[in-house]
Structure formats: structure tokens, C-alpha cells
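Visitor: quick one, what's the 3D model for this:
(3 chains)
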Amino acid sequence: MKEPMYKSARDLPSAHLLGAGTAMCAGCGGLEVVREAYDVLGENTVFVNAAGCMTLMSVYPFTPFRGSWLYTAMASAPAGAQGVRDALDIRRAKGELEAGDDLEVVVLTGDGAGYGMGLSATSAAIDRGLDFLYLCYDNEGYGNTGQQTSPATPHGARTATDGALAGVAGEKKDLFGIWVANRPTYAATVVGSEPLDLARKVARAKSRSGPRLILALAPCPTGWGFEPSETVAIGHLAVRTGIWPLKEYVDGRVEHTRRPHPRLPVTDYLKTQARFAHLFEPEPNEQVLAEIQASVDAYWDAVE
Amino acid sequence: MTRTLLTGNGAAAWGARLARADYLPAFPITPQTEIIETLARWIDMGEMDCRMATLESEHSMITAAGAAAATGVRVFTATSSQGLLYGMEMLYTVAGWRVPLVMINVSRGLAAPITLETDHNDILAARDSGFLQLHCATCQEVVDAVLLAYRLAEDPAVRLPVIVNLDGFHLSFTREPVELPDGDLADRFLPTFDPGPGEIRAGKPTSQAVAVLGGGPYSYFRYECHLAALAALEVHRRNVDEYAGLTGRRYDALECYRADDAEVVFVMLGSFATKAKAAVDQLRQAGRPVGLVRPRLLRPFPEADLRRALAGKVAVAVIDQNLSIGKGGVLHGEISGALHGVSGAPPVIASFIGGLGGRDITAEEFFEIAGQTARAAESGQVPPPRLLYTLHELAEMRKLQAIAHVERQEEVPGP
Amino acid sequence: MYRIRFHGRGGQGMKTASRILGSAFFLSGFEVQDAPRYGAERRGAPIFAFVRAGRAAILERGNIDRPDLVVVADDTLVAIPGAGVLAGLHADSVLLLVTTVPADDWQQRLNTTGTVLTLPPPGGSERDPALLSALCAGAAARLTGAIEREALIRAVDEELALYPADTIAANRAGALAGFDALAVAAGRVGESGAVAADGYDAPDWIDLPADGVGLAAPTIHAGATSVEVRTGLWRTMRPVIDLEKCHRCTWVCGTFCPDGVIGVDAERYPVIDYDHCKGCMICLAQCPTHAIAAITERQGREADIAAEGEQA
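Guide: Numbering: from 1, shown residues only, chains lettered A, B, ... in the order given. Purely as a prediction, here's the structure:
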């Protein structure tokens, strides 16, 4: 399939497919990503959803989707995608469906399912070479239940279950790296605040078949503790501090689509969010701040 | 029709083949694996037009099965025991989607301790899930039950998934003569798959399995599942008549064997019911009016049929090959509930629990169950539930415990 | 038993208000139940919490259908039927609104002869949720006449124990402000009895029909039905575009809006769908020419009414 051209932001669609009126929080970074991606994917898409914030996208009798949607469970959305994809292929083969009746099968998952409970089903779907797109909105915690620590929560962040002392002791899991190790046909990281980059990547993913990852950082006003108006600004800072590298894996190679120069100090990003406030007050936690900066520096040193 | 020797697993695979299942999401587990291996071979050899996908767990397998059915194809799948429980979340989920599919469960006892041998705790754990249940006693019944299950699941008044249950080893690995329906007969009985109103395709927007807020909508959807399951009783009755007309084989919701003039009736599920039949024959020869009632359809529960079959009996002996820990036999509770307050209900409904994890129930035990139940009716004293276990078995167990270096507890002196 | 409901928006602290009042009752020797509505709350969305208090063990459960007192922290909720603010008010109920509109006006608007009391928003700032919740709790406490100042202050201290000292102090002051403001109406809210078992209205149970699966599956058979949900009602602040400052870039505000509620008109100006805009203000923060300003929803509605008047 030929991918549409997004030369500049002016090529981005100004009419949006996703219906308004969803129950997502005001300023939801995950909803922003889904909305931007849906404009590129088009309505001939079936979302197979894993339990998470986006479970509440469709609450009877209200759905924002113009195509199809199937809610499954927390652990097995990729298996649901397998069933839908296989059934569409069977019906195509039997002549019950024309090419125009086909759908792009997209798993929609948060980081709780994506990095944790659903990882086995995801890994197996990649093993089977399933033709699907995996869209993960990563808000770095179990957001729908009140932002408990998930395998995607970054080092030092406070959550509802790591509220004391220095926050989460562990490191954020590298889901992009796990996917790349499985040699998918495409993998990319995106953020809603970089819509042109996102549109190009979703279009590139859509033009290919096989297992494809779109991993989106989803700034979360409710869970991270910032004003809803700051969602996009915080997404920009995640990129400009180098905390959220924008990259893609195509034809066996990882390329960075944005190399922040100069890279802003990570504190520019961290200090915007209540979940990191304990690293600055009552006095700065120099050790954890240095650890976070060192981890980001090491990443970019390896890249450059 | 061809008569051939088949295992229960082979019969299940033939059921799927005759039903022209389009899709087979699979995951191996003993003693079910032969079913998917058989189907895989037929698919590879071009004998069966079906797509197979090996999932990484039963949870995913049942998800894929439900999703494919929701998209619009006929789905067959199979599991057993631990696998059924691993997929339990998706049993409830997929039934709530209101999609038709057929799944085999090969019954096997549940861990711990882990075992490969049969009992019914696995399938009864799925009792309340919304999957309808057909229970088989012979390999012949397995192939026929698969066709009946598809017809039932896909009926517009039902649209619920169905489990066909067969016992591990006693059916799964045991060959018996099976009369296979001809393909065109199966086609006549089972029309091509109707995707129903909710199929997933372009140009037909549907959002399926959506969340609800509040008890009103939730109750409506759950009640409607229940009403559809109840409607399946009448649908199955019609299907059974039609199938009997085509094959000469009748599979009423209840199998009643020498029950009409019986005073004492065994009630049990599954393949050991054929052993109960043999015991009935011997008891009859000894002048004892004993019969058997075996539910084939457990969900929906054929309550009216059971009342008709058991009203006026002197006593009922419910033989449970399962154990609800801390309660007793699951079937005993169901039968008692069905008969409570019914005029002419048997005054004695005795409970016997046995055949767990592959343990046999011997002919002598059936005789003794009949005897104790009849005596209970005479005395008017309902006996406490009996866990079938012999002195000899305990002695053998003690030997194993000695090898395991288990410290025997000293007898604690009484006060 | 006292049956008291607090209505507000997600983020306005109605759960805290119910807990302060619940604790204050408890410290005053009452048996108590307090709870927030259970569900998927979102910032700005209408929510409620409730308190029951009595001298005997409380056996009722769940939402309060016939409240003795309804406290409304945000008067814009009154006009939203789905918020259920007025549900179950009876002749002896008291309605307490945090509002700048006089009580007489409300009585007229609501066409009621029931008791309506009002309380101005704390410190003139309707966006300070912490103080709003304490204010509501203090006012409710005074209206029952069953709670002393000391119990109220202790309740604030207990509920906010994990917060910094200045937050606790501010909330104490907020609670006392509510308590003192309602001195004139102390004890106006009374206790009511339970539903009587003689002469009750029988439930209209039916035998549910077995509907076909087209009806009876949890499936929506159409696209984008969510537009019927007016999430614009969540909004407390409204973004307004100054077309003279707008450079018609045609993409920034519309692309960054998570809810996709900013479109472009024929002249390439952005247009906000206020029925669905949740008021997140990302558009305001991102507009490169600062063409978007925020006004309060109250100001917005007044402007709407004025504009309608001009049209008429």
C-alpha cells in the first residue's frame, strides 16, 4: 500500500474521525494520540481493546468510533486481534467479503496491559506474524485505577502504590526494545504533541503488513499531576529533554526521527509534574535527579 | 453412514469436520491434544477447509475463538481441566458477547494435586459462565453432540457458545464403534454459518462488548443471556427431533434408562453412566427396581424434564464425580433444588461422591449405593453424603505415605 | 436519620466534603455512613457523594433517593438533568447552593416553594476545590444543628491529616466560614424516617421479554453515537477564540485538541464545538498567536444569553 504524504503540519486532517463525547479526562494525552492516529488509519479500522482507561471509550450506547470496536480483556487483546484477522481472511477467501470490506486490525492498549499482563499474548502474536497494528498509549501507570505503579512507570516517579520516599526504585521497561528484538515489520515511538511525526509513522505502519508497534507516550494530567492545558507542552519537553526518544524500526534498523539539540536538562520535564515534586522539595534529591539524567545521557551517548 | 472405531477425541474432531468449522484456535493440553492434532493433519492434507491458529494460552485461545465468531465465521476449539480454568475469564466474557461457537472440554481433575485423570470439577466450574453444556457418555454421542451443539449455539433465539463435555481417558482415549453421519446429512442438519447482526466488517460499524455503567443495563444484558439459555431448552427439543429423524439417534435433554418403573434412580453425568446402566441391569436381574437418569444438557438445566422423570420415585441417589469443597456434590445440590416443593418429589435424595481423579466406581459400589438409598427410603432417614473410599484404598495410601516419610500423627487421647 | 447529598464536579472535593461531615457526625456521637458515588469519575464531570447519620445503626445502603439536604458546590450543575441535583427533594428538604445568585431567584427558576439557601463561593474563587469542600461540609454541619464547632475542626484535621499544615489551616477556616455563614439557619435540616411498609408503592416488576440478539447483545450498531454525550457540561472554564488575532494556521488548536472538537470553517477559521469541549485549555496553551483566551463558564453563559438577546 502506498503511504499518504504528510509533508507539513498543514497536511494533517482538519476534520476528525473520532467522535467527541468520550469519558476520557480533559487533556488526556492518550485520547489525543488515538484521535490523531484514527485520522490516519481511517474508519475501516477495528480496534480490539485491552482493559485500561480506553475501556471507557465505548460505554453503552455511546461509541466514538465510526468503524468497529471489540472490547476483550486485559491480557488477551492481541489474541482477539488474531481471531478477527483470521476470520476476515477466512471470509475473504470464501468470497463472503470483498477487498473493500476488509479492516485494519488495531490492538488498543495501555501500558498496564501492554508492558505487563498482555505481554505474553503480544509476544505470541508477533511470533505468529499476525498482521496487526499495536497501539499502546503509555501513561506510565495503571491510570484507570488511580495511577498505581506499572512496568512502564519511570524511575523516581511517585504513584499511588509507590508514594513514599524517592518514588519507584525500578526502571521503565523498554517495550520498543522488546518489540525490536522480535523483529516486527515496523515499530515506532510517538507522542501526541508531535502530530506530524505521529502521522508519518502511523501512515508508514499502515502501509505495511505483519506485526507493527506504535508506542505513544501519553501525558496524563490526572495521574501525573499537572494542569490539563499542559499535556502538549509536557509532551514537547519529554522529547526535548531526550526522555522520550522519537524513533522507528524499519527494515532491521532503528532510526531516530528527532535528535534533540541541544538536549534540555531532564529537570525541565520532571519539575512540571506533581509525581516528581518530591525530587525538588523540600530540597532537591540530587542523587535521583542525577540518576535520571545519567540514564538519559547514556541512552543518547549510545545513539550518537 | 459409516460405522468405524474412533476414540472420543477422534469423534470430536469428526464433529468439527462434519460441521465444516472455519476456524480452529488451539492450545495443547492432555487429554485433549489428539483432537487438535487430528484436525491439524486433515487441514494439512487438504481434507478439511479450516484455518488453524495455535495460541499461547487457553485464555488467548478462547479470546480468539470469540473474536472470530464475532467477526462472522464458524469456530471450533477444545481444552481441558487447567486450561478451561486458565481461560475462565474469557468464558464469561465471550458468552456475554452473545457469539456462537463450540468448544470441547475433555474433563480432567483439577490441581492440586495435579493429575491427568478424569472428573467433572473442571466443567462444573464453568457452570455459571453462560456457555451452554452438553455432556456425553459415549464416543458416538460425542460426534452427534458437536453437530447438535452448533445447531443450538447458532439458533437466532439462542446465540450463545456451547461446551461439549467428554471424560478424559474413558472417552478421550477409548475407541468405540461410531456411526459417522454422511457429510450431506450433516450439511442438511447444519446450515451455513449466519454471522448474525453484529459481524465485524467495513461499512458496518459495530462496537461490540462495550462497557455499561449502572446496574440497570448490566442486569438487562445478564438477564437476556439467561432468557436465551432458557429458550435453548425448546430449541434443543426441536433439534433433537430433527436429528433423530435424520439419523435414528435421539439425544433428549435427559437420558432415562429403565427409569419409568424404577423406585430408586441413579442420577449422574458423563461416561460412567454407562457403568451405572450395567449395574441397573444386574440390579433388575436381582429383582431390584432401579433406573438411571442422566442429564445430557446441563445448561440450560432441564428442570421440568427432571421433575417429570423423578416425581413419584421412592428415592434418588445422586452420584457426583466432583466435589465442591466445603459443600459436597454439585449435581446433588442442583437436583435437590429442582425437586424441592414439587408434589410427588422423592422423599430421599441421597448424595454419593466418587470417581475423582480417575478413581473407578465399581459395580459393587453401584449396587451398594442402590441398597443404601432404598434402605434410607424405608427408614425415612436420609444418610449423610458418602465419600466413596475403601479401607483397601486407605491402606494403599498409608503405604505411599510411609515411602514419603510422612510422620504419622499419634492418636490424640480423648478428654 | 439525616440523609445528605453533596453535588459537585470531579476535582471539587465532594468526597472530602462528605468525609469531613461524616467524621464530624461520628465525633458527635452519631452512627454514620459516607461514600462517593461509585463509577468512572472524571475531572469536571458531575459527581456526588453522600452522608447518612443517625442515633441507631444505619441499615440503608447505596444512593440517597430522598435527601433531607442537598448541597450543590457548583450552581452550573442545577441545569444539567443528568447531574440529578434535584432528584428526590421533598417538601421538608433543604437545597443549599454555592452561588452568587440570590435564593429568591433560584426559587423562581426552580419553581419551588421548598427551602433554598445560598452561600457565596469561598474567597471569590470558585476554582479552589479544597476550600470549596470544607465550606460545604461546614455549612451542612451547621444546618443539621447537631454538630459543634470543635467536632467540625477535629473532622477537618482527621480527614486532611496527610496534608501540609497550611492546607489544614486553610480548610479549617473554610469549614468555619461555612459553619458561621449558616448560623441563621442552624438546625433547619431535620431527620426523616424510613419508607413505611404499609401503603408503599409496589415495584412495577415485569416478566422481561427474551429479546433477539440484535437487541440483547452489548453491541452498538452505529458509528460515533458518543456525540450525544455533552461533555461540554464538564467545563468550568471556556476557551474563546479572538478571530482578529487568529492567523488561520488551520492546524495547531484543532490537531492538539484531544477530543477533536475544534474544526475549521469555510474561511479557514477554527470553530470550537462547545457542546463537547471539556475545557482542557490545551488550545489556549498552544496557540502560537495567543488568539485564545479563557473565560469562566458563568461569564460564557452570560455572554451567550446576551448574544441570544441581540439576535432576538
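Visitor: only C-alpha atoms for contact and neighbour calcs from this point on.
Guide: Noted.
Visitor: gap between the two ends of stretch B:131-150?
Guide: This stretch, stretch B:131-150, spans 12 Å end to end (C-alpha to C-alpha, to the nearest Å).
Visitor: now that stretch, how far from the centre of its chain.
Guide: 8 Å (C-alpha atoms, centre = their mean, to the nearest Å).
Visitor: what does stretch B:363-383 give?
Guide: Per C-alpha atoms, centre = their mean, the centroid offset for stretch B:363-383 relative to its chain is 26 Å.
Visitor: per-residue pLDDT, C:Arg127?
Guide: Note for C:Arg127: predicted pLDDT of 47.
Visitor: please apply the same query to B:Ala69.
Guide: So, for B:Ala69, pLDDT stands at 98.
Visitor: is any part of the host helix or strand of it close to chain C?
Guide: Element membership for B:Ala69 (DSSP states H and E) is helix B:58-71. No. Against chain C, helix B:58-71 shows no contacts by C-alpha under 8 Å from any C-alpha of the partner chain, the least distance being 10.7 Å.
Visitor: just checking, what packs against that helix?
Guide: helix A:77-93, strand B:23-26, strand B:76-79, helix B:81-86, helix B:88-97 (3 or more C-alpha pairs under 8 Å, 6 or more residues apart in numbering or on different chains; DSSP states H and E).
Visitor: average pLDDT across the fourth one?
Guide: Per-residue confidence for helix B:81-86 averages out to 98 on the pLDDT scale.
Visitor: near chain A at all, it?
Guide: No. On the criterion C-alpha under 8 Å from any C-alpha, helix B:81-86 is out of touch with chain A, staying 11.6 Å away.
Visitor: what's in contact with that helix?
Guide: Helix B:81-86 has contacts (C-alpha atoms under 8 Å, 6 or more residues apart in numbering or on different chains) with B:29, B:57-59, B:105-111, B:122-123, B:125-126.
Visitor: rerun that using 6 Å as the cut-off
Guide: B:58-59, B:108, B:110, B:122 (C-alpha atoms under 6 Å, 6 or more residues apart in numbering or on different chains).
Visitor: tell me the pLDDT of residue 33.
Guide: Assuming you mean chain A. 98.
Visitor: try again with chain C
Guide: 97.
Visitor: in a helix, it, correct?
Guide: No. Counting by DSSP: H, G, I helix; E, B strand; the rest coil, C:Gln33 is located in no helix; its state is strand.
Visitor: tell me what it is bridged to.
Guide: In this structure, C:Gln33 bridges to C:Arg52 when assessed by DSSP bridges.
Visitor: swap in B:Asn105?
Guide: B:Thr79, B:Asn165.
Visitor: elements contacting whichever strand or helix holds B:Ala40?
Guide: Using DSSP H and E, B:Ala40 falls within helix B:33-44. Identification of packing neighbours for helix B:33-44 by 3 or more C-alpha pairs under 6 Å, 6 or more residues apart in numbering or on different chains; DSSP states H and E yields no helix or strand.
Visitor: ok, back up a step: and the helices and strands packed on helix B:58-71, which is most packed in?
Guide: Among the helices and strands packed on helix B:58-71, strand B:76-79 has the highest mean neighbour count (mean count of other C-alpha atoms under 10 Å in any protein chain shown), at a mean of 28.
Visitor: quick one: distance of that strand to the chain centre.
Guide: So, by C-alpha atoms, centre = their mean, the centroid of strand B:76-79 is 14 Å from its chain's centroid.
Visitor: do the same with stretch A:224-238
Guide: With C-alpha atoms, centre = their mean, you get 15 Å for stretch A:224-238.
Visitor: contact residues of the stretch 51-200 of chain A facing chain C?
Guide: Residues of the stretch 51-200 of chain A lying near chain C by C-alpha under 6 Å from any C-alpha of the partner chain: A:62-66.
Visitor: and those residues, which is closest to C:Ala49?
Guide: Closest to C:Ala49 out of these is A:Phe62 (25.2 Å), distances taken as C-alpha to C-alpha.
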